[in-house]
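**Q** Sequence and predicted structure, then a few things I'm wondering about:
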Amino acid sequence: MTGVRVLVGTRKGAFVLTSDGKREKWDIAGPHFAGWEIYHLKGSPADPGRLYASQSTGWFGQQIQRSDDGGQTWQSAGNEFSYDGIPGTHQWYDGTPHPWEFARVWHLEPSLRDPDTVYAGVEDAALFRSTDGGQSWQELSGLRNHDTGPSWQPGAGGMCLHTILLDPVNEGRMFAAISAAGAFRSEDAGETWRPVTKGLRSEFMPDPEAEVGHCVHRIAMHPSRPDVLFMQKHWDVMRSDNGGESWHEISGDLPTDFGFPISVHAHEPETVYVVPITSDELHFPPDGRLRVYRSRTGGDEWEPLSEGLPQQNCYVNVLRDAMDVDSVDECGIYVGTTGGQVYASADAGDTWSAVVRDLPSVLSVEVQTLP
């Protein structure tokens, strides 16, 4: 029977939740790396046993961990993020007289085809790639050194490269999103980049329609339609039907168009999920009611999904990497909160239950559907 593995990164360690295809009973393993911030935890599409984890603290620095057995055991993946190979530093020697420093790895994106190739998005915004399972890293410096780079500014959470999307059809095409610089696309596997922000509008900017400076929170795509992109922005839910060449708003009848995550149903490319929160100042659900919103029409028309979710006195947030879907026949969807709960729905969002409560604050939720 098909199985599901849910990888949860938190402020104080990583947890691995597993179930069979019914998704009624769950085994919970962890915490792995107890006491460490695990900003992101993700599995390889090419090898279900291969997992990567971003392990970070302000005291010991940044490390990348790797598992080859689905999270049962872990090993440091080399962590040569600095010229002299000192594990845990936040320094990268890029040929200049002084090392460039970054705060942490926000996002890990394994290759769709090769378990040893993995990309890392960091803060301050830059993109790295490893082709040896994390043992060594090379910066794809065309992004950080883009002509617009000097005008990039941090969002409230820092200037983080938080989204990496790999086109499953065109191996050279990839997308990156940076808060608060915008969305970028590469056609040559990350060597060169250009902004793809036409149609975005941000009232807080001196020029609301400028090419860069938009605070993009998250981008999602369905693998069967890599030219169709969905975006949760700092205010506005957006859609592109041409690979980011232009965007249009699909916020429609949402109670608020501010939020962080956005996901697409595994089998229905026009079914999209968001989690609205009150505002950019009030990071909790409207009226203290946690509701996931679903559009079955690719946007504009949204329905609240609340059965089994707390509907009073709920003041948690759902961060940009803390929602994902499985690809079981009846698609499941998973949401982690800053209050330490992981909620799951085995019926595409119609009903929900808490898989686990009282974890540390959840930073990321990624799902693997197992054979």
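**A** Cool, the structure landed.

**Q** Can you give me the neighbour number for residue 31?
**A** Applying other CB atoms under 10 Å, we find 18 residues neighbouring residue 31. C-beta: built from backbone N, CA, C; applies to glycine.

**Q** which residues touch it?
**A** If a contact means CB atoms under 8 Å, 6 or more residues apart in numbering, then residue 31 has 10, 12-15, 360 as its contacts.

**Q** May I have the predicted confidence score for it?
**A** For residue 31, the pLDDT comes out at 97.

**Q** so after the helix or strand harbouring it, what's the next helix or strand?
**A** Following DSSP states H and E, one finds residue 31 within strand 27-32. Once strand 27-32 ends, the next helix or strand along the chain (criterion: DSSP H and E) is strand 37-44.

**Q** Give me the contact list for that next one.
**A** Taking CB under 8 Å, 6+ apart as the rule, strand 37-44 contacts 5, 7-14, 32, 50-57, 70, 104-111, 115, 118, 321, 363-364, 366, 368.

**Q** And those residues, which of them are buried?
**A** Buried subset of the contacts of strand 37-44 (neighbour count, 16 or more other CB atoms under 10 Å): 5, 7-11, 13-14, 32, 50-56, 70, 104-111, 115, 118, 321, 363-364, 366, 368.

**Q** which ones among these are found in strands?
**A** 5, 7-10, 13-14, 32, 50-56, 104-110, 118, 363-364, 366, 368 (DSSP state E).

**Q** could you check the distance from the residue lying closest to residue 105 once chain neighbours are set aside over to residue 327?
**A** Leaving aside its sequence neighbours, residue 105 sits nearest to residue 54 (CB to CB, 6 or more residues apart in numbering; 4.0 Å). Here the criterion is CB to CB, to the nearest Å. By it, residue 54 lies 24 Å from residue 327.

**Q** now swap in residue 68 and tell me
**A** 22 Å.

**Q** and residue 218, what is it in contact with?
**A** Contacts of residue 218 by CB under 8 Å, 6+ apart are 162-163, 177, 231-232, 260-262, 320-321.

**Q** so which of those would you say is closest to residue 213?
**A** For the contacts of residue 218, the residue nearest residue 213 by CB to CB is residue 177; the value is 13.0 Å.

**Q** The closest one and residue 308: what is the separation?
**A** From residue 177 to residue 308 the distance is 31 Å (CB to CB).

**Q** out of the two, which sits in the more crowded spot?
**A** The residue with more neighbours, out of residue 177 and residue 308, is residue 177; 30 against 15, by other CB under 10 Å.
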